[in-house]
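Chemist: structure, please.
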Amino acid sequence: MSYRFTLTALAAFSLLGCAKPVTGEPTADFTTGPTLVTVEHAWTRTDDGTTVYITVDGKDAAALKVGESVALRLPEGTYQIGGYAKSLVGKVSVEPVKLTTTAGSAKAVEYAVTKSKPRFKEVQPEEVTPPAEQPSV
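Modeler: Now for the predicted structure:
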(Lines give C-alpha, C1' and ligand atoms only; values in the text may rest on other atoms or scores of the structure.)
Protein backbone atom coordinates (compact mmCIF):
# COMPACT_ATOMS: atom_id res chain seq x y z
CA MET A 1 0.00 0.00 0.00
CA SER A 2 2.83 2.40 0.79
CA TYR A 3 4.38 1.88 -2.65
CA ARG A 4 1.20 3.32 -4.26
CA PHE A 5 1.52 6.47 -2.19
CA THR A 6 5.20 6.75 -3.06
CA LEU A 7 4.52 6.38 -6.81
CA THR A 8 1.67 8.90 -6.66
CA ALA A 9 3.80 11.41 -4.77
CA LEU A 10 6.68 10.93 -7.20
CA ALA A 11 4.36 11.46 -10.19
CA ALA A 12 2.85 14.58 -8.62
CA PHE A 13 6.25 16.14 -7.94
CA SER A 14 7.42 15.28 -11.48
CA LEU A 15 4.40 16.92 -13.08
CA LEU A 16 4.71 19.96 -10.86
CA GLY A 17 8.00 20.75 -12.57
CA CYS A 18 6.21 20.79 -15.96
CA ALA A 19 3.76 23.52 -14.94
CA LYS A 20 4.16 26.83 -16.75
CA PRO A 21 5.42 29.49 -14.32
CA VAL A 22 3.44 32.71 -13.98
CA THR A 23 5.40 35.49 -15.64
CA GLY A 24 3.54 38.42 -14.13
CA GLU A 25 3.65 40.38 -17.40
CA PRO A 26 1.87 43.72 -17.20
CA THR A 27 -1.30 44.13 -19.23
CA ALA A 28 -1.15 46.32 -22.29
CA ASP A 29 -2.16 49.95 -21.75
CA PHE A 30 -4.20 51.44 -24.59
CA THR A 31 -5.24 54.61 -22.73
CA THR A 32 -2.09 56.66 -23.26
CA GLY A 33 -0.47 57.71 -26.49
CA PRO A 34 -0.64 60.59 -28.95
CA THR A 35 -2.71 58.79 -31.62
CA LEU A 36 -6.43 58.11 -31.31
CA VAL A 37 -7.57 54.89 -33.03
CA THR A 38 -11.31 54.20 -33.03
CA VAL A 39 -12.43 50.61 -33.68
CA GLU A 40 -16.09 49.93 -34.47
CA HIS A 41 -18.11 46.72 -34.76
CA ALA A 42 -20.46 47.71 -37.59
CA TRP A 43 -23.92 46.19 -37.98
CA THR A 44 -24.54 44.23 -41.17
CA ARG A 45 -27.32 41.86 -42.23
CA THR A 46 -25.00 38.85 -42.18
CA ASP A 47 -23.57 39.53 -38.70
CA ASP A 48 -24.77 36.99 -36.13
CA GLY A 49 -24.26 39.32 -33.15
CA THR A 50 -21.19 37.60 -31.73
CA THR A 51 -18.95 39.69 -29.49
CA VAL A 52 -15.62 40.47 -31.16
CA TYR A 53 -12.46 40.72 -29.07
CA ILE A 54 -10.15 43.40 -30.48
CA THR A 55 -6.39 42.80 -30.38
CA VAL A 56 -3.46 45.14 -31.01
CA ASP A 57 -0.35 43.22 -32.06
CA GLY A 58 -1.90 40.07 -30.57
CA LYS A 59 -2.69 41.62 -27.16
CA ASP A 60 -6.32 41.91 -26.05
CA ALA A 61 -7.55 45.51 -26.09
CA ALA A 62 -11.37 45.45 -25.91
CA ALA A 63 -14.56 43.46 -26.45
CA LEU A 64 -17.19 44.89 -28.81
CA LYS A 65 -20.80 43.95 -29.40
CA VAL A 66 -22.60 44.94 -32.59
CA GLY A 67 -22.85 48.73 -32.91
CA GLU A 68 -20.24 49.48 -30.25
CA SER A 69 -16.93 51.25 -30.72
CA VAL A 70 -13.85 51.78 -28.60
CA ALA A 71 -11.18 54.49 -28.54
CA LEU A 72 -7.61 53.27 -28.22
CA ARG A 73 -4.64 55.57 -27.64
CA LEU A 74 -1.42 54.30 -29.20
CA PRO A 75 2.13 55.61 -29.57
CA GLU A 76 3.55 56.25 -33.03
CA GLY A 77 4.31 53.13 -35.01
CA THR A 78 2.90 50.32 -37.10
CA TYR A 79 0.32 47.99 -35.56
CA GLN A 80 -1.74 44.95 -36.47
CA ILE A 81 -5.35 45.65 -35.43
CA GLY A 82 -7.25 42.38 -35.49
CA GLY A 83 -9.35 40.20 -33.31
CA TYR A 84 -11.22 37.01 -32.70
CA ALA A 85 -14.65 35.70 -31.79
CA LYS A 86 -15.27 32.89 -29.34
CA SER A 87 -17.31 29.95 -30.60
CA LEU A 88 -18.19 26.42 -29.56
CA VAL A 89 -15.02 25.10 -31.18
CA GLY A 90 -12.68 27.75 -29.74
CA LYS A 91 -11.43 31.06 -31.07
CA VAL A 92 -12.12 32.10 -34.63
CA SER A 93 -9.40 34.56 -35.64
CA VAL A 94 -10.03 37.40 -38.07
CA GLU A 95 -7.18 38.58 -40.25
CA PRO A 96 -5.76 41.86 -38.90
CA VAL A 97 -5.30 45.10 -40.79
CA LYS A 98 -1.95 46.92 -40.74
CA LEU A 99 -2.21 50.45 -39.39
CA THR A 100 0.56 53.07 -39.24
CA THR A 101 0.03 55.85 -36.71
CA THR A 102 1.62 59.27 -36.35
CA ALA A 103 1.51 61.65 -33.39
CA GLY A 104 -1.62 63.77 -33.13
CA SER A 105 -3.53 61.99 -35.89
CA ALA A 106 -6.79 60.06 -35.75
CA LYS A 107 -7.31 56.66 -37.39
CA ALA A 108 -10.35 54.42 -37.62
CA VAL A 109 -10.84 50.68 -38.15
CA GLU A 110 -14.14 48.99 -38.89
CA TYR A 111 -15.01 45.34 -38.23
CA ALA A 112 -17.84 44.08 -40.41
CA VAL A 113 -19.18 40.79 -41.74
CA THR A 114 -19.85 41.03 -45.47
CA LYS A 115 -21.00 38.05 -47.53
CA SER A 116 -20.43 35.80 -44.47
CA LYS A 117 -16.77 36.86 -44.32
CA PRO A 118 -15.59 38.85 -41.28
CA ARG A 119 -12.86 41.41 -41.81
CA PHE A 120 -11.18 44.50 -40.44
CA LYS A 121 -10.56 47.48 -42.70
CA GLU A 122 -9.20 50.98 -42.26
CA VAL A 123 -11.78 53.71 -42.86
CA GLN A 124 -11.95 57.48 -42.46
CA PRO A 125 -12.47 58.61 -38.83
CA GLU A 126 -15.74 60.33 -39.85
CA GLU A 127 -17.21 56.99 -41.03
CA VAL A 128 -17.30 55.34 -37.60
CA THR A 129 -19.57 55.99 -34.65
CA PRO A 130 -17.63 57.72 -31.88
CA PRO A 131 -17.33 55.69 -28.68
CA ALA A 132 -19.74 56.45 -25.85
CA GLU A 133 -16.86 57.27 -23.53
CA GLN A 134 -14.00 59.38 -24.83
CA PRO A 135 -10.58 58.73 -23.30
CA SER A 136 -9.04 61.51 -21.25
CA VAL A 137 -6.36 63.47 -23.06
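Chemist: do I have it right that Val52 meets Ser87?
Modeler: No - applying C-beta atoms under 8 Å as the test, Val52 and Ser87 come out as separate, 11.7 Å apart. Where C-beta positions appear, they are placed from N, C-alpha and C, glycine not excepted.
Chemist: who has more neighbours, the two?
Modeler: Higher neighbour count among Val52 and Ser87: Val52, with 25 against 10, using other C-beta atoms under 10 Å.
Chemist: ok, that one - contacts?
Modeler: His41, Ala63, Leu64, Gly83, Tyr84, Ala85, Val94, Tyr111, Pro118 (C-beta atoms under 8 Å, 6 or more residues apart in numbering).
Chemist: try Thr51
Modeler: Thr51 neighbours (C-beta under 8 Å, 6+ apart): Ala63, Leu64, Lys65, Ala85, Lys86.
Chemist: drop anything exposed from these.
Modeler: Leu64, Ala85 (16 or more other C-beta atoms under 10 Å).
Chemist: and which of the contacts of Thr51 is nearest Thr46?
Modeler: Nearest to Thr46 among the contacts of Thr51 is Ala85, at 13.6 Å by C-beta to C-beta.
Chemist: surely that closest one meets Val94?
Modeler: Yes - contact criterion C-beta under 8 Å: Ala85 and Val94 qualify, at 7.3 Å.
Chemist: between those two, what contacts are shared?
Modeler: Val52, Pro118.
Chemist: among the contacts of Val52, which one sits closest to Ser105?
Modeler: For the contacts of Val52, the nearest to Ser105 is Tyr111 (20.6 Å; C-beta to C-beta).
Chemist: list the residues that contact that closest one.
Modeler: Val39, Glu40, His41, Ala42, Val52, Ile54, Leu64, Gly83, Val94, Pro118, Arg119, Phe120.
Chemist: swap in Glu127?
Modeler: Per C-beta under 8 Å, 6+ apart, neighbours of Glu127: Ala108, Glu110.
Chemist: and it, how far from Pro96?
Modeler: 19 Å (C-beta to C-beta, to the nearest Å).
Chemist: show the contacting residues for the most centrally placed residue in the chain.
Modeler: By C-alpha atoms, centre = their mean, the chain has its centre lying nearest to Thr55, at 2.3 Å. Contact analysis of Thr55 by C-beta under 8 Å, 6+ apart lists Ala61, Gln80, Ile81, Gly82, Gly83, Tyr84, Pro96.
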